[in-house]
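[1] The following comprises the amino acid sequence and a computationally predicted model.
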Amino acid sequence: MSKRLEDFIKANKAEFDDLEPSADLWGRIEKHLPPQFEEIKKRETKTFTLGFVMRVAATVIVVMGIGFGFYLHNSKTVDLAAINPVYAQQEVHYTSLIKSQRNELKTIAKSDPQLYKEFTSQIAKMDSTYKKLNSELATSPNQELVLHAMIRNLQIQTEVLTQQLNVIEQFNETKKDQKNEIKNI
């Protein structure tokens with residue numbers, strides 16, 4: 001029997017394909033559904049507003065940006081001690097020395113702002129070179145050579161700061177001597 005039914009369907013396939021349900025069929029089916037399906041239909045037909053979509057997109061972009069920032073920050077961090085422990089110690093020493101010398105240099109900012117500005121601009125140029133070397137360190141094929149250049153830069157910065165502080169000290173002594181001479185007259 002199934003062979004006859006199968007043959008019948010194959011023979012009359014074209015007649016089955018031309019039949020389509022009427023346009024109001026779904027509306028008639030919905031009328032006979034229980035009330036619980038109406039609630040489901042309301043939940044399924046919710047659409048997202050443009051504002052909601054924009055907020056979600058902005059949140060995704062911010063999260064991705066923060067993640068990328070952390071990735072960049074962590075990927076450029078190089079363990080100096082792994083490259084050369086002696087250079088790593090020198091880097092720490094010179095960095096702390098430069099910090100204290102810069103703090104000492106700030107004392108003239110109020111009394112002679114022009115001189116302070118000139119001195120700090122010289123150091124800023126050297127510091128930007130140091131930062132450039134530091135950023136190249138992570139990708140350099142010869143990290144020890146770059147680290148050595150960084151240490152040399154720090155040494156030069158300390159020498160320049162020492163000279164600047166000596167100039168300030170000599171200037172202050174000259175002022176003091178002039179005041180003493182004026183008092184003696």
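    Sure, I can see it.
[2] Can you tell me how far residue 131 is from residue 61?
    Per C-beta to C-beta, to the nearest Å, residue 131 is found 28 Å from residue 61. Yep, even glycine has a C-beta here, placed from its N, CA and C like the rest.
[3] Next: residue 67.
    For residue 67, the distance to residue 61 - C-beta to C-beta - is 11 Å.
[4] Ok, residue 173 next?
    Taking C-beta to C-beta, one finds residue 173 at 59 Å from residue 61.
[5] Remind me what the longest helix seen in the chain packs against, helices and strands.
    For the chain, the helix with the greatest residue count under DSSP state H is helix 143-184. Using 3 or more C-beta pairs under 8 Å, 6 or more residues apart in numbering; DSSP states H and E, the elements in contact with helix 143-184 are helix 80-83, helix 85-105, helix 113-137.
[6] next structured bit after the second one?
    Secondary structure here is assigned by DSSP states H and E; on that basis, the next helix or strand after helix 85-105 toward the C-terminus is helix 108-111.
[7] now what about that next one, what contacts it?
    Under the criterion C-beta atoms under 8 Å, 6 or more residues apart in numbering, residues 115-116, 119, 168 lie in contact with helix 108-111.
[8] any idea how far the nearest residue to residue 151 once chain neighbours are set aside is from residue 80?
    Nearest residue to residue 151, sequence neighbours excluded (C-beta to C-beta, 6 or more residues apart in numbering): residue 90, at 5.0 Å. From residue 90 over to residue 80 the distance is 9 Å, taken as C-beta to C-beta.
[9] Now do the domain split for the protein, please.
    Domain segmentation of the chain under automatic domain parsing yields 21-75, 80-184.
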